[in-house]
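Colleague: kindly generate the corresponding structure for this input.
(chains A and B)
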Amino acid sequence: MGKTSTIKEIWTFMRVRKKWWLVPVLLLLGLIGALLVLTEGSALAPFIYALF
Amino acid sequence: MTGSVPRRHGSHDRLRELARGVLVAVIAIAICLAALEVLLRTTHLFNASVSWSEPDSLTGFRFSAGKSYWCNKENDHPITGRINQHGFRDRERVLPKPSGTYRVCVLGDSYVEAFQVESDSTFLALTEDALRRTLPFETEVLNLGRSGMTQTEELLVLRRDVQRLEPDMVIVVFMPYNDVDDVSRRTAGSLLRPFFRHTSDGDLILDRSFNETREYRFKARLNVSKQRSALVSLLAERYNALGRSRRIAARDRANGGEVKVPFRLALCTATPGDIAVENYRLNKRLLSEMNEWCKARGIRFMIVSGNCVTSADGVSRYSEIDATFDSMFYDHDLASFADSLRCEHLGLQGAFEGHWGEGGGALHWGHWNYAGHRLVASALVAKLEAALSEEPASAKREAKIPSGS
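Modeller: Here you go, the predicted model:
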């Protein structure tokens, strides 16, 4: 509920104030965050040293 | 005029507004990325740091000479330092080799590279320090380890890089963990690496086709950014680790899904399977090539077989899964293999089991911890002291000269 309302508020803010330039910024941050969270487990695999 | 006249927005104005929006978005993204980069570099959030490796068309990748590293993988604090001028995680070494110095070059994977502990706490640094105290001549033990290397890369590095370091002895540390898996294209965790394969005539053919892949070319281009950006480096590392763990998981699923000892330990059982046997035959063939290369140059050769079980209860756990499990397989098999090659051998599984048998504590985090490195160093020091006591007088002739004389 809290998360949904935050997203709604951001959306309303962007729509009302016409801050559309925020869309790509938020998308980029979301993508980076998602990649880091989704790969957390594999990066912790003790023997996997993906140095290159 | 008192009232403002509503202005008609033409398509030109709309375009200008759009362009302004795009420009603001681009600037905002750039500021965001710059802020993230500063955050990652200063806090090392998610263990981020700029890359210290670079593409290598022969071995896949190598360390960049002179680059600083920051690594926080298994220890409770980050490990920092600098790659030496020869491109290895080692102390600086002088060329040509100082007269009267006995130089031992050690090849291996992440256990030898040992980014989990400080450079001065690796088993090789401890071995060098101990030998300098006890032997009558200067001794250097060079760390030429690099994560993920198998006998394939070790043979290539030996042929390309090691001779100029003027070694008197070469040691190869065989680690059952990934050496058996990664030596073959069929079972390797990553395909962006070289592979040797046997021909029907018994010749070895080097396959460097990874150079031609789109993925490798992309990574090689991306590496320029990875060496300058902690963010790019972090994202690339996570992507690589994800791909590698998925490939390993797929291989394990294809293995039948039933509870078995891991692929790397299948050789320790009575039913290892054809693939593991074939891979191991290739491991030994490459060790044999390295031995011949060294012998042809008057360099002594030693095989160290690493421990294959990493905890005190590991042996009983695997024995419950497969009653034929023999944790000493690699120690025994490589000892007789070294005998047949007329080279030295040191097995570590016995040393680890001896330590656990006496109630000793953990020797691993994932890789060896400080105690693990100390144990391996003490076994290696004893072996080298015995081996070097038989060295010809020429080496001893230039024994340490006491300072001031």
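Colleague: buried residues in stretch B:71-89?
Modeller: B:71-75, B:79, B:81, B:83-84, B:86-89 (16 or more other Cβ atoms under 10 Å in any protein chain shown). For the C-beta atoms, the positions are set from N, CA and C on the backbone; glycine is no exception.
Colleague: end-to-end on that stretch?
Modeller: 12 Å (Cα to Cα, to the nearest Å).
Colleague: which stretches of the stretch 201-350 of chain B form helices?
Modeller: B:214-226, B:230-254, B:274-296, B:314-321, B:329-341, B:349-357 (DSSP state H, counting those that start in this stretch).
Colleague: in chain B, where's the longest helix?
Modeller: In chain B, with assignment by DSSP state H, the single longest helix is helix B:11-43.
Colleague: who does the very next helix or strand once past that one pair up with?
Modeller: As assigned by DSSP states H and E, the chain's next helix or strand after helix B:11-43 is strand B:53-56. With DSSP bridges as the test, strand B:53-56 is paired with strand B:60-63 (antiparallel).
Colleague: can you pull the buried residues of the helix or strand just after the strand it pairs with?
Modeller: As assigned by DSSP H and E, the chain's next helix or strand after strand B:60-63 is strand B:68-71. Buried residues in strand B:68-71, counted by 16+ other Cβ under 10 Å: B:69-71.
Colleague: one more: stretch B:306-322?
Modeller: Those would be B:306-310, B:312, B:314-315, B:318-319, B:322, for stretch B:306-322 by 16+ other Cβ under 10 Å.
Colleague: ok, now stretch B:48-64?
Modeller: B:48-56, B:59-64.
Colleague: quick check: the farthest pair among those residues?
Modeller: Distance extremes for the buried residues of stretch B:48-64: the farthest pair is B:48 and B:59 at 25.2 Å, using Cβ to Cβ.
Colleague: low-confidence regions, chain B specifically.
Modeller: Within chain B, the stretches with pLDDT under 70 are B:1-9, B:252, B:255-259, B:392-405.
Colleague: picking that back up, closest to chain A out of the helices of the stretch 201-350 of chain B?
Modeller: helix B:230-254 (3.4 Å; Cβ to the nearest Cβ).
Colleague: what segments of chain A are helices?
Modeller: Using DSSP H, helices in chain A cover A:2-17, A:22-38, A:40-43.
Colleague: just name the most buried of the ones you listed.
Modeller: helix A:40-43 (a mean of 16; mean count of other Cβ atoms under 10 Å in any protein chain shown).
Colleague: give me the mean pLDDT for that one.
Modeller: When pLDDT is averaged over helix A:40-43, the result is 60.
Colleague: state the pair within the buried residues of stretch B:306-322 that is farthest apart.
Modeller: Taking Cβ to Cβ, no two of the buried residues of stretch B:306-322 sit farther apart than B:306 and B:322, at 20.7 Å.
Colleague: closest residue of chain B to chain A?
Modeller: Counting by Cβ to the nearest Cβ, chain B gets nearest chain A through residue B:366, at 2.4 Å.
Colleague: okay then, goodbye and thanks.
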